[in-house]
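J.: Task: produce atomic coordinates for the following.
(chains A and B)
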Amino acid sequence: MSDALSLVLLALLVVTALAATFSRDLLAAVIVFSGYSLVMALLWQRLQAPDLALTEAAVGAGVTTVLFVTAIFKTQRMEEEGGDRHRRGGANEKESVEK
Amino acid sequence: MGRLLDNYHYAVAAVLFCTGFYSVIMRPNIIKKIIGLNIMETSVFLLLVSLGWKEGGIAPIHAGGAEAASMVNPLPQALILTGIVVAVSTTAVALSLVILLYRQYGTLDVDRLMREEELEVPAAGPEGGEG
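T.: The predicted model follows:
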């Protein structure tokens, strides 16, 4: 595992994890997380685990992303700011929520 | 220090675990928390598979007369194959609960959810909110 490709994959893993954590756009975070799963599948192949690579590529980058995207389309895309201004609730919107 | 540099995949697994843990405890959005949970799970998988790896090992497949002494350890791989599937089902259940929470309260922010929990007794029924 001590070759250049594995090092690059590990660095890419950390970068994508940080990007998925600090993005405010939830959809962008989910797509970056899908890339994280894909890098992880390549790393499983480097670690001589081809069955894990197949499973991670199909399940991690496929099914999990579809689940997340479905959940985001059923809820809301942007992470809310602090405070009660950016409320998109609709019916149960009330101004007196902070007291 | 030299031992840490030799085993840098353990260090990367620790960094990934800390990233996911930060996302779980510090980000207010629930979907961000679930992504952090997935990152934590994957870092533990990376740690365990790295424990079974050895220098110059081959994939544990008995084909073409490969001898077992030159293979990597197949036991962590078999365990983690189960772990990946469990992680996906955990994510599916958590996301369905998130959708129900959004229908009820109209927000995904944890602080706001806790405040709404104090302010209004949820008597609206499952179709309340959102409309």
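J.: any idea how far residue B:92 is from residue A:49?
T.: 24 Å (CB to CB, to the nearest Å). C-beta here means a position set from N, CA and C on the backbone, and glycine is covered the same way.
J.: I figured residue B:44 was touching residue B:14, is that so?
T.: No - in this structure, residue B:44 is not within contact of residue B:14 by CB atoms under 8 Å, at 10.4 Å.
J.: Compare neighbour counts for these two and give me the winner.
T.: residue B:44 (16 against 12; other CB atoms under 10 Å in any protein chain shown).
J.: what's the strand or helix carrying the more buried one packed up against?
T.: Per DSSP states H and E, residue B:44 falls inside helix B:30-52. With contacts taken as 3 or more CB pairs under 8 Å, 6 or more residues apart in numbering or on different chains; DSSP states H and E, helix B:30-52 sits against helix A:4-22, helix A:26-46, helix A:64-74, helix B:8-26, helix B:74-105.
J.: Pick the most buried one from the ones you listed.
T.: Looking across these with neighbours counted as mean count of other CB atoms under 10 Å in any protein chain shown, the highest average goes to helix A:26-46: a mean of 21.
J.: Low-confidence ranges, chain A, go.
T.: For chain A, residues meeting the criterion pLDDT under 70 lie at A:1-2, A:82-99.
J.: rewinding a little: return the set of buried residues in the helix holding residue B:44.
T.: For helix B:30-52, the neighbour count (16 or more other CB atoms under 10 Å in any protein chain shown) marks B:30-50, B:52 as buried.
J.: returning to that earlier point: a markdown table for the helices and strands packed on helix B:30-52, including distance to residue B:111?
T.: Converted to a markdown table, the helices and strands packed on helix B:30-52 look like this (distance: least, CB to CB, whole Å):
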| stretch | distance to residue B:111 |
| --- | --- |
| helix A:4-22 | 18 |
| helix A:26-46 | 17 |
| helix A:64-74 | 20 |
| helix B:8-26 | 12 |
| helix B:74-105 | 12 |
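J.: Determine which of those helices approaches residue A:56 most closely.
T.: Between residue A:56 and these, the tightest spacing by CB to CB is seen for helix A:26-46, at 4.2 Å.
J.: Which strands or helices does that closest one pack on?
T.: helix A:4-22, helix A:50-55, helix A:64-74, helix B:30-52.
J.: Of all those, which one is nearest residue B:63?
T.: Using CB to CB, the helices and strands packed on helix A:26-46 put helix A:50-55 closest to residue B:63, at 11.7 Å.
J.: which one is residue B:27 nearest to, not counting chain neighbours?
T.: Of all residues not flanking residue B:27 in the chain, residue B:33 sits nearest, at 6.2 Å (CB to CB, 6 or more residues apart in numbering or on different chains).
J.: Does the one you found touch residue B:21 like I think?
T.: No - using CB under 8 Å, residue B:33 is not in contact with residue B:21; the gap is 10.6 Å.
J.: So which of the helices and strands packed on helix B:30-52 is nearest residue B:118?
T.: Closest to residue B:118 of these is helix B:74-105 (CB to CB; 12.1 Å).
J.: Report the inter-axis angle for that closest one versus helix A:64-74.
T.: Using axes from the mean of the first three to the mean of the last three CA atoms, to 10 degrees, the inter-axis angle of helix B:74-105 relative to helix A:64-74 is 10 degrees.
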